[in-house]
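Visitor: fold the stuff below for me.
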Amino acid sequence: MHSSVLVPSNMAAPGCVFGRTLSRSRSGSIQATSAVCRDLVLVVDLQRYTRDRGSSVYFPQAVFSGDDLYDITLTDHHCRLRVTLDPGLNRLVETNVLRPGSVLRHATFISGMAAQLPECSGASGHSYQLLSAEVSDGRLSRPDVDLLPWFGSEPAGPLRANRSVFLPLWNSADYSGVEWREAPSSEEEEEDEDESEAAGGAASQAAARRPAVTVAELRRAFLLGRQAVVRHELIVRIINKSHLMYYGKSDQNCDCPYKAAMEVCDHTGRVCVVLWNSVCVSWYRCLKPGDIISLRRYRVKQRYQADHDDIEISVNSRNPTAQIARIPESSVSPQYLPPLPPHNFCSSQDLLACPPGSVCDVIGLLTFAGRPERIRSRDNRGAALLEYRWLRLEDGTSSKPIMVKLFSTSQPECHHRLHPCSVVVCTQLRLQAATGGRYLSNTTYTQVYCTGLGHHSEMSYRKLRPVRLFLQWLKTQDDEQVLRRAVIGGYFVYPPPPVSMETYMKDQRGEPGFLLGAELQREMERLCYRERRTFCIQATVTMVTYSRRGEEDRCLFWTDHPSSRCPASPLNSTPPPIRPPSTPHSLPMPLSPSSSSLPPMSPPSSVSHLMPHTMERSARTPWKRKLLQTDTPRKRRPSVMSQPEQNKTGRPACGFFRVLRVLVTHLGPVVLFQASMEFLDDATADSDNDDDDTSSFVNAPPPPDFLPVADDTLPMHFDHAHREEQADAVGMGGRALATRNFDSTLKDYYLLRLRALSDGMLVDAVFLPHGSAPPDNHHANTWLSILSHGAFSPHTPPPSPADLIGMAAQLANQRLVCVLDACHLGGAVTEVILSRGFRL
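Guide: Numbering: from 1, shown residues only. Here you go, the predicted model:
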């Protein structure tokens with residue numbers, strides 16, 4: 001099964017780095033030596049699989065944190081080499097730091113004799129292991145890897161386990177690799193023809209095909225205790241097809257631990273057919289609902305976790321070796337022709353009256369395709385990560401769209417093509433009801449079909465009346481209007497959380513409660529790539545910042561600090577908040593507790609009048625700011641002064657101000673009031689009339705130190721001309737390789753710095769109040785009401801950013817229950833969104 005990688009240097013291609021490096025590595029039965037590659041090598045592929053009982057022999061000193069192992073393919077542009085990643089480096093893959101396209105430097109390899117166990121006979125020989133390396137995102141040109149020779153013999157499968165196929169990197173429900181065939185091999189088709197000739201002779205081939213046994217006869221025979229192995233031909237039609245189910249474990253040595261279920265029928269009834277192990281690899285992709293198949297040499301058994309009189313047909317590669325074939329509908333005798341798959345299409349209007357738990361099919365125009373994310377499986381001891389994405393479909397029957405939380409259906413090519421303006425059909429979805437709304441989600445037999453892959457023309461549903469009605473509505477839609485509301489990617493939450501803390505806590509029964517700051521730190525450090533989790537903490541708001549994407553150096557902000565004029569000292573300095581560093585190959589920074597010696601916070605002074613000002617660049621000084629100090633005893637005009645650069649720690653040279661401070665940058669008329677702009681112009685021109693009281697001149701603090709919002713956080717306008725590239729950027733692992741910047745639907749955002757009440761930990765959370773709120777959720781657009789609703793009131797114009805920052809004093813000393821949505825975006829970037837803030 002496995003081709004061992006043992007390569008003498010004389011077999012290496014001219015100039016091959018691996019030949020020079022690995023020739024210094026010597027292996028023996030007792031000890032192996034390591035070799036360090038000083039040259040840059042490019043990662044071209046990463047492949048995942050689960051270890052088996054013999055895998056621990058390869059890593060005698062490793063402490064396994066999971067069941068996964070990774071083989072990594074490297075190239076030096078002269079040849080390629082596949083090695084196994086040391087389990088201690090798995091975290092680099094799980095956080096998408098190490099990925100295809102990464103560049104390794106100072107890579108350390110070790111060569112050792114592979115264990116020759118009876119259970120792992122295919123994995124004997126020599127192979128190499130990557131012990132350590134420096135990972136970077138350096139842009140090395142990618143050669144045509146398929147044309148490069150292998151350093152040694154070409155590996156045929158996983159190097160460190162007795163597995164025949166690899167798993168996808170990010171879920172275990174899809175297939176991965178060329179071994180999964182889209183069409184049956186010619187040998188299997190010829191074998192089926194030979195069986196047919198032997199059963200009925202050449203004359204029977206000209207006549208219509210008839211089954212030798214029916215589903216009803218199989219059920220009766222099994223209940224009477226007759227033979228479980230059946231060699232007679234069964235002709236059935238596939239009604240439903242499940243996703244792939246992977247059951248590989250580290251304590252098992254099954255080389256292909258897969259199964260898939262299909263509901264099939266003939267003219268006498270239905271039955272479940274289960275494909276096992278290598279039959280899945282050979283046939284899963286070849287079969288689809290609606291196909292007619294012929295089965296021979298199968299085993300009949302009682303269906304798992306079903307009634308005692310329910311049976312299933314087991315199709316395996318041995319004991320016995322089953323035979324399966326697709327046959328054309330025209331070859332089956334009309335009286336034995338199985339019925340077509342039934343469909344139950346529901347429109348968005350129909351769904352309003354359907355009870356929760358209903359199973360239905362839907363068709364719609366896709367206007368929003370969310371980014372793929374992952375959540376922990378609750379039925380697998382928390383080990384598996386399930387991939388899903390949100391879809392919004394429109395069909396014109398009601399104002400409410402069809403919301404679908406679509407998990408993997410073992411159709412990776414189709415899921416990748418789920419971009420806006422596609423016509424999407426989802427079958428066998430179950431209606432879910434929640435406090436904030438209704439949505440559809442997967443069942444075992446959910447399948448999805450979209451335009452661009454030729455699915456719709458092959459399926460029987462295309463002639464049904466609900467589908468024809470939808471197509472008539474689709475013809476009335478204007479392309480420009482559809483493109484205007486088409487959105488892809490970005491942060492998305494559905495159903496929206498409740499707007500009251502009581503309702504939210506009631507919905508969270510059985511979930512973890514409030515976290516301490518240190519607990520939040522540990523949980524966020526455990527997140528894997530695109531893993532999404534929700535946390536609750538009790539906190540106060542210490543800073544609010546308004547920024548526009550790409551203009552973070554110019555911002556509005558309010559901060560609540562204990563002193564307005566105090567010298568900088570360790571007693572009044574606050575450590576940086578929790579947030580990941582900017583370097584993609586380092587781990588996230590830990591949370592930083594606030595200094596316990598800080599004096600208690602007092603509310604800032606009230607603001608009688610807020611006046612935004614502009615910030616200008618100067619050739620002599622790095623920044624010029626106009627600052628309004630609001631606690632002066634009399635009304636004053638703003639004063640202009642030069643602000644020195646901040647020190648190396650990124651903090652202002654002066655201590656924190658106790659008063660409310662509003663720093664405004666030039667953000668254009670969309671942000672600033674026109675009256676304020678005119679007032680500022682007059683104030684600048686009439687500077688001679690300014691009061692000369694120097695007490696108004698204060699050292700303005702520099703903008704707060706915070707990381708800009710991640711590209712993956714803001715949803716994008718759908719770009720039809722570059723839809724494939726945009727789909728790649730939104731997909732798992734795609735943003736790091738994207739070469740184009742797409743237009744975001746949101747340009748501005750708020751960032752709130754939260755201080756945990758439990759231990760003073762600080763966390764920066766992005767707040768996006770521009771999202772659409774339910775029409776019945778009207779409120780006063782105060783900070784507390786905006787936080788509890790997660791959005792501005794839909795009934796009144798939203799306050800301007802300057803006004804909202806000016807009102808931020810409402811948050812001073814307010815104790816809040818903060819609902820944080822965290823998602824690991826790869827590398828050192830962890831997205832933290834404040835979805836709700838309830839007043840305690």
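Visitor: and the closest residue to Arg548 other than its chain neighbours, how many neighbours does it have?
Guide: Spatial nearest neighbour of Arg548, chain neighbours left out: Asp748 (4.7 Å); criterion: Cβ to Cβ, 6 or more residues apart in numbering. For the C-beta atoms, the positions are set from N, CA and C on the backbone; glycine is no exception. For Asp748, the neighbour count with other Cβ atoms under 10 Å is 20.
Visitor: isn't there a strand covering His415?
Guide: No. Secondary structure assignment (DSSP: H, G, I helix; E, B strand; the rest coil) places His415 in helix, not in a strand.
Visitor: tell me which element the closest residue to Leu754 other than its chain neighbours falls in.
Guide: Using Cβ to Cβ, 6+ apart and skipping the chain neighbours, the partner closest in space to Leu754 is Ala539 (4.0 Å). Assigned by DSSP states H and E, Ala539 falls within strand 532-548.
Visitor: counting by contacts, list what that strand packs against.
Guide: strand 373-376, helix 517-525, strand 556-559, strand 748-756, strand 762-767, helix 801-806, strand 816-826 (3 or more Cβ pairs under 8 Å, 6 or more residues apart in numbering; DSSP states H and E).
Visitor: can I get these in CSV with distance to Ser132?
Guide: Shown next, in CSV, are these (distance: least, Cβ to Cβ, whole Å):
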stretch, distance to Ser132
strand 373-376, 27
helix 517-525, 21
strand 556-559, 42
strand 748-756, 36
strand 762-767, 32
helix 801-806, 47
strand 816-826, 21
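Visitor: what would the ones you listed look like in JSON lines with distance to His78 and mean pLDDT?
Guide: Formatted as JSON lines, the helices and strands packed on strand 532-548 follow (distance: least, Cβ to Cβ, whole Å; pLDDT from 0 to 100):
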{"stretch": "strand 373-376", "distance to His78": "37", "mean pLDDT": "95"}
{"stretch": "helix 517-525", "distance to His78": "39", "mean pLDDT": "94"}
{"stretch": "strand 556-559", "distance to His78": "53", "mean pLDDT": "92"}
{"stretch": "strand 748-756", "distance to His78": "47", "mean pLDDT": "95"}
{"stretch": "strand 762-767", "distance to His78": "45", "mean pLDDT": "96"}
{"stretch": "helix 801-806", "distance to His78": "55", "mean pLDDT": "94"}
{"stretch": "strand 816-826", "distance to His78": "30", "mean pLDDT": "96"}
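Visitor: nearest to Gln508, out of those?
Guide: strand 816-826 (9.2 Å; Cβ to Cβ).
Visitor: what is that closest one packed up against?
Guide: Short answer (3+ Cβ pairs under 8 Å, 6+ apart): strand 816-826 packs on helix 501-507, helix 517-525, strand 532-548, strand 762-767, strand 829-839.
Visitor: kindly export it (C-alpha atoms) in CSV.
Guide: Listed next in CSV are the C-alpha coordinates belonging to strand 816-826 (Å, rounded to 0.1, in the frame of the first residue of the first chain):
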residue,chain,number,x,y,z
LEU,A,816,-22.5,44.4,31.1
VAL,A,817,-23.1,40.8,30.2
CYS,A,818,-21.1,40.6,26.9
VAL,A,819,-21.9,37.9,24.3
LEU,A,820,-18.7,37.3,22.3
ASP,A,821,-18.6,35.3,19.0
ALA,A,822,-15.1,34.1,18.4
CYS,A,823,-13.8,32.6,15.2
HIS,A,824,-10.2,31.6,14.4
LEU,A,825,-9.4,33.1,11.0
GLY,A,826,-6.0,31.5,10.5
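Visitor: and the angle for it with strand 532-548?
Guide: 90 degrees (axes from the mean of the first three to the mean of the last three Cα atoms, to 10 degrees).
Visitor: listing partners with orientation, what would you give for strand 816-826?
Guide: strand 532-548 (antiparallel), strand 829-839 (antiparallel) (DSSP bridges).
Visitor: dump these into CSV; add mean neighbour count as well.
Guide: Listed next are those as CSV, based on neighbours: other Cβ atoms under 10 Å:
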stretch, mean neighbour count
strand 532-548, 22
strand 829-839, 21
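Visitor: format those as a markdown table; extra columns: mean pLDDT and distance to Tyr504.
Guide: Converted to a markdown table, the strands paired with strand 816-826 look like this (pLDDT from 0 to 100; distance: least, Cβ to Cβ, whole Å):
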| stretch | mean pLDDT | distance to Tyr504 |
| --- | --- | --- |
| strand 532-548 | 95 | 9 |
| strand 829-839 | 95 | 7 |
